[in-house]
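1. based on what follows, work out the 3D shape:
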Amino acid sequence: MTIRLAVKEEAPLIHEVMMAAFAEYREMDVPSSALEETVESIQQVLESGKEQALLYFDGKRPIGMVRFTLDETSLYFFRLSVRPDSRGKGIAKAMLRALEQYAKEHGCYEIRCSVRLSLTKNVRLYESMGYTILEERIVTAVNGSFVKTAEMQKQLSYT
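-> Residues are numbered from 1 along each chain as shown. Below is the predicted model:
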């Protein structure tokens, strides 16, 4: 098991893991916008420095990834993805712990994410790692549909 920062040339790996993980959301009333992303769009944001990503490898095979941004005090993550055939093994939690460590190393005091409230297993995962719901929102999707989401946050401790 290896978790490390991705480089821009690994955009195809990031995209591949994300597509495998988000495929189950294709049939939702409002499919995830992750399914519309391309290798090129991911590569562009990595090259620009607007985003970073962690990749989780099992040997040479990428099985998990998460994308994120940093500001002066917080890390915001999104698209946390684990291949369906690798779920239930603590990979998402390991990536969240790696994000927390990265955030601390960069002087952040909190980690945040947004999650669809209908994805209760995802909400429970984050809660099990110490995240709390800050705010519930209704987001308008590209197709005009409404999606109930929650902004979640975890305060980082430096003790």
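
2. what's the pLDDT at residue 159?
-> Among the per-residue scores, residue 159 shows a pLDDT of 69.

3. is it true that residue 30 touches residue 145?
-> Yes. With contact defined as C-beta atoms under 8 Å, residue 30 counts as touching residue 145 (4.3 Å). Quick note: C-beta positions are derived from backbone N, CA and C, even for glycine.

4. what about the longest helix in this structure?
-> For the chain, the helix reaching the highest residue count under DSSP state H is reported as helix 91-105.

5. any low-confidence regions in the chain?
-> Counting by pLDDT under 70, the ranges of the chain that qualify are 31, 159.

6. helices of that one, start to end?
-> Chain-ordered helices for the chain, with DSSP H as the definition, fall at 11-22, 39-48, 91-105, 120-128.

7. buried stuff in the shortest one?
-> Applying a neighbour-count criterion of 16 or more other C-beta atoms under 10 Å, the buried positions in helix 120-128 are 122, 123, 125, 126.

8. could those be laid out in TSV, adding distance to residue 93?
-> As requested, the buried residues of helix 120-128 are arranged in TSV below (distance: C-beta to C-beta, whole Å):
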residue	distance to residue 93
122	12
123	14
125	7
126	10
